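K.L.:
A predicted structure for the sequence below; I have some questions about it.
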Amino acid sequence: MDRSSTKLKLSGAASVSNGGSATPFAGSNFPSGFTNVYFDSSSTVEFNGAAQTIPLPTAATTYGNLTLSGSGIKTVGGNISISSALDIGTGVTMALGNNTTTLKSDQGNTAFVRPLNGTITYGTGSFIIERYLFAAASWRLMATPITSGSSPTISASWREGEAIGTYSKVGFGTRITGPTGMDEYTQRASMKYYNMANNTYVDVKAVDLALPIQKDQGYFVFVRGDRTVGVGGTGVTTLRIAGQLRTGDQTFSVLPKIAPSSGFQSVGNPFASRIDLTNVILSTSGLNESFYIWNPRGGLYGLGQFELYVRSGANFVQSPGGTILNTIESGQAFFLQNSSTTTPGSITIKESDKIIGSRLGGRAGVTSPTLEINLFSNDAVNQALLDGVLLNFDAAYSNSLDNNDVRKISNTYDNISLKLGTDNLAVERRAVLTATDTIRLNIAGMRVAAYKLQIDPSVLGNLALNAFLVDKFLASETALSLIAVTNMPFSITNDAGSRRADRFMIVFKQVKPMRFVKINAVRNTNNTATVNWYTENENNINTYSIERSKDGINFSELGKQMPTANNNGNPYYSFIDAAPDDGINWYRIKTNTINGTTQLSEFAKIGATEILLPSAITIYPNPVQEGKVHIRFVNEKVGKYQIMVLNMTGQTVYSEVLRLETNNFKKIISVGNAAAGNYRVTIINEEGAIKKLSFLVK
């Protein structure tokens, strides 16, 4: 029979030749005439009869997908293996007898058991559950998906039953090391488990190797490779456990957060199957809708690090990073948390939570007020994301610690967390931000190195608040944008103050309302018009709209101006109207804010075209009357003018610096009881041009 992605459905009784020319394999339902049977991993063999034997046609047969349907008992006829899926239907019993069924695992696939509708019976037989591990000398957070009553010892499982000093198993097991009596000496144990009652990790010692390996919380195991790989080496391996499968609903408790309990608990996936946590977490009681997994490829030195996934709508989203992950693999453990200080939480993982398929990936869109604070390395060759925290803001959240908040599990190096009382958080969900809020950051495990904080806000631009990053070590306060990413480089030096845990915090302050200080408009000699305006406390502006009207009532937009000082600056803007009307023109400025509100300036007006006279500075009346000199500026440039009045002997009797804010202006100078005679006026503009005029006093 060829290996192929096909389905073979067998309904006959055992040992029926079906008229073939050759005798079938003993106890087999396969048609006669075959001497060798090989199965592709994607092929399916379905035993659909009433009472059948699952045969062992060759010495090492591995089924692809094995389906047991119909009714009655399906007896395993020898030691078989499955490379894809085992499916036991309603009304069917799979009888192992004294045989083993191995759920294979390799770099491409791990076999699994679909939701169990039938039953499994055991004599002295068992399932062997494999978990392939890629080559990396790093920690792995492993589950033990077998029943406690059928559990082999630690030594018989992940040490492959080999004595100390014997390392012959190629491709399987690993060396379990520690201070004394272990495979090799290491200062700390290479296998440990988490004790939630007192918030400690318990080392596996030599005496523990003879204990059952089954443990609900799973183990941290430092895996270098198979049994042939010693300390300092690296290689692939497959860890395997023999025992009876855990079936049916599995419930785990998580203690409340009462010292010394931290409220965290590691939970090993109880099934030899991938599970979907989007269903599991919704059915829990008293637990935070988040989980931590251990990434063996992460961490500063490649030894692994925790990754946090937080419920966001229908998915769990990595924080930081945004990757979606809803599944826990066969053989994988994970951490849950309970933030209650009074009530235990629980999680029930059901048969229906088993799934097949690949992980989902992608960036989740942010639609609610959110602040991500990410920690990056920042040297010349490395800009890696090291750690991060997440804040969500909503009126439904509390500023006190509860199960909406996610507490931090720290890595060895490069940690950032949110400080809430005595707790360090990875995710904080709190009430809407106010001007009295402070976000206290906590750094730990920092090296002498260059770093960068990336502050990434989403849906926060409508807040009438200013945000500032306070650096206690540098005694600095830096404005942060609430509409765009701010990158803040910093360094950890040999100065102990540079690595103080509370070095950074973000403070919020009330924004002063923006206001228009002045608006004016002038008609230029080239028949254009210039509109100028000044603002104070500019913030949260999306655009300015410049509007014009012929009657001062009905306005239309001429153009837009982008803001330049959205951090409460006091900017000056100028806009050219290329084609104003020949008559009177009215102008105004409209602000368009980020949150959709608007604000209007006062009006500015230019007159009709009769003001389009040649530029001139004149004095009238001349001779002057009542001691008042009228100086008229017509189409002169806006700017500063130095005015000096000299008498007949050359003495200065009047001096002033005039600020001309429109190109058509009249200035009145009082010369009081000046003596009769001729006077000279000298006017110098900003460019140094000089204009000399005379007037007569009678």
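P.N.:
Received the coordinates, thanks.
K.L.:
so which elements touch the helix or strand Y679 falls within?
P.N.:
Using DSSP states H and E, Y679 falls within strand 677-685. Packing partners of strand 677-685 (3 or more CB pairs under 8 Å, 6 or more residues apart in numbering; DSSP states H and E): strand 628-634, strand 639-646, strand 690-697. Just so you know, the C-beta spots here come from the backbone N, C-alpha and C atoms, and that holds for glycine as well.
K.L.:
may I see those strands arranged in TSV, with distance to T597 and mean pLDDT as well?
P.N.:
Below are the helices and strands packed on strand 677-685 laid out as TSV (distance: least, CB to CB, whole Å; pLDDT from 0 to 100):
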stretch	distance to T597	mean pLDDT
strand 628-634	40	88
strand 639-646	36	90
strand 690-697	48	89
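K.L.:
just the CA coordinates for the strand holding Y679, please, in CSV.
P.N.:
What follows is strand 677-685, C-alpha atoms only, in CSV (Å, rounded to 0.1, in the frame of the first residue of the first chain):
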residue,chain,number,x,y,z
GLY,A,677,9.5,127.3,12.7
ASN,A,678,10.5,124.5,10.4
TYR,A,679,11.0,120.9,11.7
ARG,A,680,12.5,117.8,10.1
VAL,A,681,11.2,114.3,10.5
THR,A,682,13.5,111.3,9.9
ILE,A,683,11.9,107.8,9.5
ILE,A,684,14.0,104.7,9.2
ASN,A,685,12.5,101.2,8.5
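K.L.:
before we move on, back to that, which of the helices and strands packed on strand 677-685 sits closest to T110?
P.N.:
The closest approach between T110 and any of those, judged by CB to CB, belongs to strand 639-646 at 79.0 Å.
K.L.:
tell me the mean pLDDT over the next helix or strand after that closest one?
P.N.:
Proceeding C-terminally, strand 639-646 gives way to strand 652-660 as the next helix or strand, assigned by DSSP H and E. Across strand 652-660, pLDDT averages out at 88.
K.L.:
and what of stretch 421-435?
P.N.:
Averaging pLDDT along stretch 421-435 gives 92.
K.L.:
residues making contact with that stretch?
P.N.:
290, 308, 310, 319, 369, 389-395, 397-399, 401, 404-410, 417-420, 442, 460, 463, 465, 508-510 (CB atoms under 8 Å, 6 or more residues apart in numbering).
K.L.:
quick one on the thing from earlier: of the helices and strands packed on strand 677-685, flag the one that's most buried.
P.N.:
strand 628-634 (a mean of 18; mean count of other CB atoms under 10 Å).
K.L.:
other residues contacting that strand?
P.N.:
Counting by CB under 8 Å, 6+ apart, 611, 613-621, 624, 641, 643, 645, 660, 663-671, 681, 683, 693, 695 sit against strand 628-634.
K.L.:
and that strand with strand 677-685, angle?
P.N.:
Here strand 628-634 runs at an angle of 30 degrees relative to strand 677-685 (axes from the mean of the first three to the mean of the last three CA atoms, to 10 degrees).
K.L.:
what strands flank strand 628-634, and is each parallel or antiparallel?
P.N.:
Strand 628-634 has its sheet partners listed here by DSSP bridges as strand 616-625 (antiparallel), strand 664-670 (antiparallel).
K.L.:
what's the closest of those to D249?
P.N.:
Going by CB to CB, the one of the strands paired with strand 628-634 nearest D249 is strand 664-670, 87.7 Å.
K.L.:
quick one: low-confidence parts of the stretch 301-450 of the chain?
P.N.:
Within the stretch 301-450 of the chain, the stretches with pLDDT under 70 are 301, 357-367.
K.L.:
tell me where it has strands.
P.N.:
For the stretch 301-450 of the chain, the strands defined by DSSP state E, counting those that start in this stretch occupy 305-312, 315-318, 327-328, 333-337, 345-349, 354-355, 370-377, 385-393, 406-407, 415-420, 423-430, 438-444, 449-458.
K.L.:
got the contact list for the fourth one?
P.N.:
Counting by CB under 8 Å, 6+ apart, the neighbours of strand 333-337 from elsewhere in the structure are 141-143, 194, 217-219, 254, 262-269, 287-288, 290-294, 306, 328, 345, 347, 406-407, 409.
K.L.:
quick one: distance of it to the chain centre.
P.N.:
Offset of strand 333-337 from its chain centre (CA atoms, centre = their mean, to the nearest Å): 19 Å.
K.L.:
got the CA coordinates for that strand in PDB?
P.N.:
The C-alpha coordinates for strand 333-337 follow below in PDB (Å, rounded to 0.1, in the frame of the first residue of the first chain):
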ATOM      1  CA  ALA A 333       2.800  24.700  30.800                       C
ATOM      2  CA  PHE A 334       1.800  28.300  31.400                       C
ATOM      3  CA  PHE A 335       1.200  30.800  34.200                       C
ATOM      4  CA  LEU A 336      -2.100  32.200  35.400                       C
ATOM      5  CA  GLN A 337      -2.800  34.700  38.200                       C
END
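K.L.:
now the angle from that strand to strand 345-349?
P.N.:
140 degrees.
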